[in-house]
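**Student:** Fold the stuff below for me.
(2 chains)
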Amino acid sequence: MRLRPTRVRTRLTLWYVGTLACILAVYFAGVSLLLFWQSSNILKRLAAEDLETVKGLLFVADDGQVGVREDYHHHTDWKQVQERLLEILGSDGSILFRNERLGDRTIGGAPFVGEGEHGYSGRSARMSDGTRVILISRKYDLEGRTVLIRVGYNQALIWDQLTETLLVLLLASPVVLGGTAWAGFKIVGRTLDPVSKMARRAEQINSEHLNERLPVENPEDELGHLAGVFNAMLARIEQSFEQLQRFTADASHELRTPLAAIRSIGEVRLQERAKPEEYRDTIGSMLEEVNRLTSIVEGLLTLSRADAGQIRMQVSVFPLMAVVREAAALLEVLIEDKRQTFTLTGAEAVGAQADRLYIRQAVVNILHNAVKFTPVGGSISARVECTSQSRVELSIVDSGPGIPAEHSAKVFERFYRADESRRGEDMGAGLGLSVAKWAVEANNGEIGVSSVSEAGSTFWIRLPAVGCSSPSTGLPD
Amino acid sequence: MRILIVEDEEKMANALRAGLEADEFSVSLAHTGEEGFFLASTETYDLIILDLMLPNRDGMEVLAALRQKNSSLPVLILTSRDTIRDRVRGLDAGADDYLVKPFAFPELLARIRALLRRGKPESGDRLRLADLEMDAAGRTVFRDGKELALTEREFDLLEYLLRQQSRVVSREMLARDVWQETARYTPLDNVIDVHIAHLRRKLDEPFKKKLLHTVRGVGFVLREETP
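**Tutor:** As a prediction, the model looks like this:
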């Protein structure tokens, strides 16, 4: 099982500290390298100076032995210089002199070709006992003899200094890392605080309190944006929840009314002895209610299937005018009955691209609605025209009472009726316009109503069109 | 005419039996798919009314088994499954007709009659009821010797009622057979009612004897005497 801290706060803090530790490690390594390089250089430079000093102190004894005048007190701030290792070799490679500190060890072994001939030769070398040294050598002329002077310093001197510096740095780093961890933990905590607040608030929002919203501290930053998005989503949920509740209430009302009627009609009739005609009348009345129930259930089923996306559209191109004409012909008898006038104008050649059957149903429903609400002797006019190159609009204008602006968005809702008192006046269950809305929208269209109160309403639908750009051409087959 | 009803719901089965017996069919009942298949293979029937959701053996299985035996017995599926897919499956499996519950009883009767009549010629062009005479081919109709001036739709409506005379015709049947609409919906019901009113004004109002009657909650019927 992988160990993984659950809280974002802890995780972020660990990331901070980890990253900083890596950066520090790289930094320390760099510092050490630089320090080492710099110290070696300084040591080499000092060694060269020291070499000159040694040269000045060289003498050849009477017995031909080479020596260094040790009485010369050498002043230097560099303690390493006092650790000087000195070796003087003859031109044949024989050792002429070794200082006390060197004892019987050799610094650089046999000289290589050209060592110290042109200026100083500086290198890192290994002594005969394995100690690593910084070595500077130079050839000099000493009273007719050519000698090679070698000055070496133990590298351990540099290492000691380096270790010391590193130790100081390393001792300081837990403090730095600890401070970072603490600061990171605090900062992340403060940053994430709105999230926790939002989470706590969101937990309290359920179906009972859908009107509550998340706090937005700063709408400009990411978290504020998130809260804003959440709130917008909550608003949509609230809206559809309300719609659902209203729908459930309306649906149960619509379903209960006929059920209650069936029940009481039956119960009342059974309480008394009646003549056969009276029974027939009762049964007929019950059947009427059953018909009403059936049509409501059918309408609801259609809509719920539509909601579930189970209805496939059979898209074809057909002249919209023809469909409007068919719908008008179907409803003609109702129009005549109310002595209304119906006029249809528009572009014959324009084709709508949609499912003809469902669009026809939508048009019938809208037109039927217009006929219902237009008074006796009123007029209804329909117009088909292009609104753009690929859009055709059918508008149906009635001379009914109009729809108050506050209701115009609701007329397409299920079971909605502008006038509650008209409920149950005819067999319609208030689903006609909902079905129309669904049918139009399922065909990539739009539906709407614009209404001037008391001067009638204009219902319009817009559909994808063919033949709008060039009005003279006919329809494709 | 013998009809077998395969239907597991008691109330529904009894209502069907009573309704069909009233229309002078002789009816047998089966309550499970197994029983239905047994009766259908041992007895002779003129038609089967088959429910789909049945205990033991479901309606589709019974239908498939019957068709495998190469029985050409007309089968009418009566079910509450109403999706297009169900219909197609039922008809593909060899059903002759498919009716969705809840249905109007006159519609069931009309469909049964149509299935039993299958292959037999339609009644002729001259239709008659009491003093009403229609020449369907010439599209003229007389009552008591006087020609009635009907619109196209009114004529179609009267012809349909006359062909189904003495039998109740539901709004669904009119919507489908006279208006040729695939679905029945509210505006159409209103249209049908207005047409019936118009027809009644021309057909019955000038005469003492009424022929066109409304059967409340069910539909309309064209017959001689008021029940």
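
**Student:** neighbouring strands for the host helix or strand of residue A:386, and are they parallel or not?
**Tutor:** Residue A:386 belongs to strand A:379-388 when assigned by DSSP states H and E. If you go by DSSP bridges, strand A:379-388 pairs up with strand A:341-346 (parallel), strand A:391-397 (antiparallel).

**Student:** May I have the longest one as CSV, with CA atoms only?
**Tutor:** Extracted C-alpha coordinates of strand A:391-397, given in CSV (Å, rounded to 0.1, in the frame of the first residue of the first chain):
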residue,chain,number,x,y,z
ARG,A,391,-33.5,29.4,-41.1
VAL,A,392,-37.2,29.5,-41.8
GLU,A,393,-39.8,31.0,-39.5
LEU,A,394,-43.5,30.2,-39.2
SER,A,395,-45.4,32.8,-37.2
ILE,A,396,-49.0,32.4,-36.2
VAL,A,397,-50.8,35.5,-35.1
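
**Student:** Flag every buried residue along the worst-scoring helix or strand of chain A on mean pLDDT.
**Tutor:** Across the helices and strands of chain A, mean pLDDT, DSSP states H and E gives its lowest value to strand A:66-68, namely a mean of 78. For strand A:66-68, burial by neighbour count (16 or more other CB atoms under 10 Å in any protein chain shown) applies to A:66, A:68. C-beta here means a position set from N, CA and C on the backbone, and glycine is covered the same way.

**Student:** related to what we said a few turns ago, could you list the residues in contact with the strand holding residue A:386?
**Tutor:** The contact list for strand A:379-388, computed with CB atoms under 8 Å, 6 or more residues apart in numbering or on different chains, reads A:320-321, A:324, A:328, A:335, A:340-347, A:350, A:367, A:370-371, A:374, A:392-399, A:462, A:465, A:468, A:471.

**Student:** re the thing from before, which stretch among the strands paired with strand A:379-388 approaches residue A:88 most closely?
**Tutor:** strand A:391-397 (105.4 Å; CB to CB).

**Student:** I'd like to know the average pLDDT value across the closest one.
**Tutor:** Mean pLDDT, computed over strand A:391-397, is 93.

**Student:** Would you mind pulling the contact partners of that strand?
**Tutor:** Under CB under 8 Å, 6+ apart, the answer for strand A:391-397 is A:320, A:324, A:346-347, A:350-352, A:363, A:366-367, A:370, A:380-387, A:456-465, A:468.

**Student:** Report the mean confidence score over stretch B:212-227.
**Tutor:** 83.

**Student:** residues in chain B within reach of chain A, list them.
**Tutor:** Within chain B, the positions near chain A by CB under 8 Å from any CB of the partner chain are B:82-83, B:102, B:153, B:179, B:182-191, B:194-195, B:198, B:215-218, B:227.

**Student:** Show me these that map onto strands.
**Tutor:** residue B:215 (DSSP state E).

**Student:** are any of the residues of chain B next to chain A buried, and which?
**Tutor:** B:153, B:179, B:184-191, B:194-195, B:198, B:215, B:217-218.

**Student:** On the pLDDT front, check the most centrally placed residue in chain B for me.
**Tutor:** In chain B, the C-alpha nearest the mean C-alpha coordinate belongs to residue B:110, at 2.0 Å (CA atoms, centre = their mean). With respect to pLDDT, residue B:110 has a value of 89.

**Student:** Alpha carbons of the strand holding residue A:386, in CSV - could you do that?
**Tutor:** Taking C-alpha atoms only, strand A:379-388 is exported to CSV below (Å, rounded to 0.1, in the frame of the first residue of the first chain):
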residue,chain,number,x,y,z
SER,A,379,-58.8,36.4,-37.3
ILE,A,380,-55.7,34.2,-37.4
SER,A,381,-52.8,34.7,-39.8
ALA,A,382,-49.8,32.5,-40.5
ARG,A,383,-46.7,33.6,-42.3
VAL,A,384,-43.7,31.6,-43.5
GLU,A,385,-40.5,33.5,-44.2
CYS,A,386,-36.7,33.1,-44.1
THR,A,387,-35.0,34.8,-41.2
SER,A,388,-31.5,33.9,-42.5
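
**Student:** Surely residue B:202 and residue B:149 touch.
**Tutor:** Yes: the pair residue B:202 and residue B:149 qualifies as a contact (CB atoms under 8 Å) at a distance of 7.0 Å.

**Student:** of the two, who's got more company?
**Tutor:** residue B:202 (16 against 9; other CB atoms under 10 Å in any protein chain shown).

**Student:** On the three-state scheme, that one is what?
**Tutor:** With DSSP: H, G, I helix; E, B strand; the rest coil as the basis, residue B:202 sits in helix.

**Student:** Apart from its neighbours in sequence, what residue is nearest it?
**Tutor:** residue B:148 (5.4 Å; CB to CB, 6 or more residues apart in numbering or on different chains).

**Student:** quick one on the thing from earlier: which of the buried ones among the residues of chain B next to chain A sit farthest apart?
**Tutor:** Pairwise distances across those (CB to CB) peak at 23.9 Å, for the pair B:153 and B:217.

**Student:** Tally up the residues packed near residue A:36, please.
**Tutor:** By other CB under 10 Å, 15 other residues sit near residue A:36.

**Student:** swap in residue A:451?
**Tutor:** Residue A:451, neighbours per other CB under 10 Å, totals 21.

**Student:** Tell me the secondary structure of residue B:221, please.
**Tutor:** Three-state call for residue B:221 (three-state DSSP): strand.

**Student:** where's the closest residue to residue A:111 other than its chain neighbours relative to residue B:59, distance?
**Tutor:** Distances taken as CB to CB, 6+ apart put residue A:148 closest to residue A:111, at 5.5 Å, once the chain neighbours are dropped. Distance, residue A:148 to residue B:59, by CB to CB, to the nearest Å: 116 Å.

**Student:** In terms of packing, which of those two has more residues around it?
**Tutor:** residue B:59 (26 against 21).

**Student:** Next up, the contacts around that one.
**Tutor:** Per CB under 8 Å, 6+ apart, neighbours of residue B:59: B:6, B:33, B:50, B:51, B:52, B:53, B:77, B:79.

**Student:** Please repeat the previous calculation with a cut-off of 10 Å.
**Tutor:** B:6-8, B:33, B:36, B:48, B:50-53, B:75, B:77-79, B:81, B:90, B:93, B:95 (CB atoms under 10 Å, 6 or more residues apart in numbering or on different chains).

**Student:** Leaving aside the residues adjacent along the chain, what's closest to it?
**Tutor:** That would be residue B:52: by CB to CB, 6+ apart, it lies 3.7 Å from residue B:59.
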